[in-house]
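Engineer: from the sequence below, what's the structure:
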Amino acid sequence: MSSSAKVPQYVQDLIDFYSPPSEGAGVAIFYEVTSPGVDLEPVALRHYQNFLGQKWEQRLESWMRSWKRVYKPTRDVKPDFVAHMTVSAMLIGNDSLKWRQKFLKINYENYVQAYDVLNAGFDSPEVEDVRVYTIGEDEKIKGLLGISRRSSGEILTLAFWEEQG
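Structural biologist: Here you go, the predicted structure:
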């Protein structure tokens, strides 16, 4: 789930939280360190490709039809990765409550944990850029890929999809 052997605790906490993924959904977490200020779009696309593995080559055109940036908060927007992903899910036509329950793996025991691990990973004061992209395959699979870059060059990506219907 990670492109690095040694990851910070906030990344490990995300990996632990999303293992195993919810039924009917897929999730991947990527972490890498690059030069500060690197453009996130090519990194996000590479992580999307890695998430799909061999499926990428088999149906590249189908997977790329859904690819687009749907959200990039402005500097005046308070960091809130869960809200960014929820708004993005609504923009691509997912039922926000159902999607949010799967994305956050919500139940009584881990509701707070979900917010804690996502906030630590994506809402830290060191995060200087956050983007959300749509991913999926036509109407069969819909999902989102959230990516952030810290001022140190650390990049964290969370890709999440669910089967439709």
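Engineer: could you use CA atoms for every contact and neighbour count after this?
Structural biologist: OK.
Engineer: can you confirm Gln113 is in a helix?
Structural biologist: Yes - note on Gln113: a helix contains this position according to DSSP: H, G, I helix; E, B strand; the rest coil.
Engineer: how close does it get to Ala28?
Structural biologist: Computed as C-alpha to C-alpha, to the nearest Å, the Gln113 to Ala28 distance reads 18 Å.
Engineer: quick one, which of these two is more surrounded?
Structural biologist: Comparing Gln113 with Ala28 by neighbour count (other C-alpha atoms under 10 Å), the higher total belongs to Ala28, at 22 against 16.
Engineer: element containing that one, please.
Structural biologist: Ala28 is part of strand 25-33 when elements are defined by DSSP states H and E.
Engineer: what's the closest non-adjacent residue to Ser66?
Structural biologist: Spatial nearest neighbour of Ser66, excluding adjacent residues (C-alpha to C-alpha, 6 or more residues apart in numbering): Ile135 at 5.4 Å.
Engineer: all helices of the protein, in order?
Structural biologist: In the chain, the helices defined using DSSP state H lie at 9-17, 40-52, 54-58, 60-65, 81-91, 96-104, 111-122.
Engineer: pLDDT on the fourth one, on average?
Structural biologist: Put plainly, it is helix 60-65. Helix 60-65 carries an average pLDDT of 79.
Engineer: please name every helix or strand in contact with that helix.
Structural biologist: In terms of contact count using 3 or more C-alpha pairs under 8 Å, 6 or more residues apart in numbering; DSSP states H and E, helix 60-65 is assigned the packing partners strand 127-137.
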